[in-house]
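# I need the structure of the sequence given here:
(4 chains)
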Number of protein chains: 2
Amino acid sequence: MSTAEAVDADSVGSLHQRILSDISEKILSGAWAPGHRIPFEHELTTEYSCSRMTVNKALSQLAKAGLIERRRRSGSFVRQPQSQAAVLELHDIRIEVEALGLLYRYKRLERLKRRSNADDRALLGLSAAGSLLWVEGLHFAGERPFALEQRLINLSAVPEAGDEEFREIAAGPWLIGRVPWSEAEHRIRAMAADETIADALDIDPGAPCLVVERRTWSAEHPVTHVRFVYPAESHTLVARFTPSQG
Amino acid sequence: MSTAEAVDADSVGSLHQRILSDISEKILSGAWAPGHRIPFEHELTTEYSCSRMTVNKALSQLAKAGLIERRRRSGSFVRQPQSQAAVLELHDIRIEVEALGLLYRYKRLERLKRRSNADDRALLGLSAAGSLLWVEGLHFAGERPFALEQRLINLSAVPEAGDEEFREIAAGPWLIGRVPWSEAEHRIRAMAADETIADALDIDPGAPCLVVERRTWSAEHPVTHVRFVYPAESHTLVARFTPSQG
DNA sequence: ATGACAATTATGTATATACATATTGAAACG
DNA sequence: CGTTTCAATATGTATATACATAATTGTCAT
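Numbering: from 1, shown residues only, chains lettered A, B, ... in the order given. I've put the predicted structure just below:
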């Protein structure tokens, strides 16, 4: 553990997280196929030169996540693929709208440059404070509001975004052209529209909405957190995937 | 001295699982609203008369699951509904429920063998009529309904499913062990609960729900169509992926 | 052989302890 | 009055240790 690469939010950096990610990597990459026996705790103990408790915590977590199966006296094994990572195809909103044959338009509602607070850092997965850009905007399909976008951009990672107004062009396409992203995490949930959202989207308060949040990293650096709020009746996400991970 | 007379050996009888489920219960039931400060580790230590490590493990797990937020020096808090989330993965509901330290239970509501009608065929993607199985069931987290499942199984593709009752075991895990699937398509949307759903999930009619529908194929044959309905306020889907899809 | 039983082994859970680190709140300072 | 400094505090992570429990292996008597 000489070099602390990847010092980002989710807690890479601790030893047991490293053990965790090492093993996950081997499993997800297929290097350790289903049925493969994982080294015993005491073997990992010497490999990482740490205590059994640390190894145990990591393995227990993997078992809880369903990646491995543990049996007393026999050891731990890679589980048969039961839960697959979903690959979502989340298109550019413009493309979605135009696919419906409607006129796409984007309108910025708000733009604010400020220092990150604790909430921001939690959303972005940042450990230290820094400068960021907050942008809120509305995507239209024809005359109707199609989605509300609320976005945080980490200016430490993308300083040149600070000079952009994002008045007519959404931050998403702009970022895609400039920042090669390496990883993303989506959170998808349903929510009742509050006053603000209802007002922006021109729906009734309390109406069900689909919320998609995306965090994006580029080379271990958190780049942006964006939240899309869609009125429920107008939108269905479609994700298609195959089980062949590797 | 607190709570839980009828622990009845819960899913696990370990102490840290009990702490976990006690707290999950209080949060999910609303007894501890968002923002509520959870007792400090050392307070729980005396309440349960155990070591700090044990309490710490339970709280860390809750933080990982997204139910609470922990801050040094300030303590742990129930997360705001905004960024809240019981993390839910696409597949194994049991694993997600147990990650919250709650007892998982499945209960079949209805089971019906019949010939497919036009709607069924549309959902399954079948061209010709045939025999199918309709199963409706409820997934519980502790005492609380967690998700409603409505499923069609194509008996032409999986005839042996016709002999199963699916009374105590959900069809999902059963199918996974038997049918190697080659492709799946998800549709995700938000929806207001209608009378039937509200009744089954014990929520108010009109409350927002997250709906996940999945169609699965095995070697070109439609196998099953399943619809999961989750009460919105406590569940979030998480998907993580990298752009290098191949 | 075979079945019963003990020994071995790996994991499961819990303890006490230690030090690191982030945040708060108050005291000290310019 | 604002800023800096510092101690107190709660969590974060790791250690060594202990005993419990489940499953496999080896041994022995029948």
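# now the residue lying farthest from the centre of chain A: how far from DNA strand D?
When distances are taken from the C-alpha mean of chain A, A:Arg73 lies farthest, 37.6 Å away, according to C-alpha atoms, centre = their mean. Separation of A:Arg73 from DNA strand D (C-beta to the nearest atom of the strand, to the nearest Å) stands at 3 Å. The C-beta positions use only the backbone N, C-alpha and C, and glycine is treated the same way.
# wait, a helix at that residue?
No. Under DSSP: H, G, I helix; E, B strand; the rest coil, A:Arg73 sits outside any helix and is assigned coil.
# please report phi then psi for it.
phi 70, psi -30 (degrees, to the nearest 10).
# how near is it to A:Phe40?
11 Å (C-beta to C-beta, to the nearest Å).
# same question for A:Asp120.
Taking C-beta to C-beta, one finds A:Asp120 at 43 Å from A:Phe40.
# my guess is A:Val212 meets A:Arg227, correct?
Yes. Contact criterion C-beta atoms under 8 Å: A:Val212 and A:Arg227 qualify, at 7.3 Å.
# which one is A:Ile148 nearest to, not counting chain neighbours?
Small correction: residue A:148 is Leu, not Ile. The shortest distance from A:Leu148 to any non-neighbouring residue, by C-beta to C-beta, 6 or more residues apart in numbering or on different chains, is to A:Val229 (4.3 Å).
# that older thread, who's more crowded, A:Asp120 and A:Phe40?
Between A:Asp120 and A:Phe40, A:Asp120 has the larger neighbour count (other C-beta atoms under 10 Å in any protein chain shown), namely 18 against 14.
# for the helix or strand harbouring A:Asn56, what is the distance to the chain centroid?
Using DSSP states H and E, A:Asn56 maps to helix A:52-65. Distance of helix A:52-65 from its chain centroid, counting by C-alpha atoms, centre = their mean, to the nearest Å, is 23 Å.
# and if you look at stretch A:58-76?
Its chain's C-alpha centre and that of stretch A:58-76 lie 25 Å apart, by C-alpha atoms, centre = their mean.
# flag every buried residue along it.
Across stretch A:58-76, burial judged by 16 or more other C-beta atoms under 10 Å in any protein chain shown covers A:58-62, A:65-70, A:75-76.
# and stretch A:164-175, by the same measure?
Going by neighbour count (16+ other C-beta under 10 Å), the buried part of stretch A:164-175 is A:Glu164, A:Phe166, A:Ala170, A:Ala171, A:Gly172, A:Trp174, A:Leu175.
# adding pLDDT and distance to A:Cys50, write the residues you listed out as TSV.
Listed next are those as TSV, based on pLDDT from 0 to 100; distance: C-beta to C-beta, whole Å:
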residue	pLDDT	distance to A:Cys50
A:Glu164	92	46
A:Phe166	94	47
A:Ala170	90	46
A:Ala171	92	42
A:Gly172	86	42
A:Trp174	86	44
A:Leu175	86	39
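# now do the same for A:Ala207: its pLDDT.
At A:Ala207, the model reports a pLDDT of 93.
# next one: A:Glu233
72.
# same thing with A:Ala147?
92.
# give me the contacts around the one helix or strand it maps to.
Element membership for A:Ala147 (DSSP H and E) is strand A:144-154. The contact list for strand A:144-154 (C-beta atoms under 8 Å, 6 or more residues apart in numbering or on different chains) reads A:93, A:97, A:116, A:120, A:123-124, A:126, A:130, A:132-140, A:161, A:170-172, A:175, A:197, A:200-202, A:221-231, A:234-235.
# next SSE after it?
Counting by DSSP H and E, what follows strand A:144-154 is helix A:171-178.
# for that following helix, packing partners?
Helix A:171-178 makes packing contacts with strand A:144-154, strand A:221-231 when contacts are defined by 3 or more C-beta pairs under 8 Å, 6 or more residues apart in numbering or on different chains; DSSP states H and E.
# mean neighbour count and distance to B:Trp32 added to those strands, as TSV?
As requested, those are arranged in TSV below (neighbours: other C-beta atoms under 10 Å in any protein chain shown; distance: least, C-beta to C-beta, whole Å):
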stretch	mean neighbour count	distance to B:Trp32
strand A:144-154	23	27
strand A:221-231	23	25
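# domains in chain A, by residue range?
Domains of chain A are assigned by automatic domain parsing as A:15-78, A:93-234.
# residue contacts, A:Glu69?
A:Ala63, A:Ser76, A:Phe77, A:Val78, A:Arg79.
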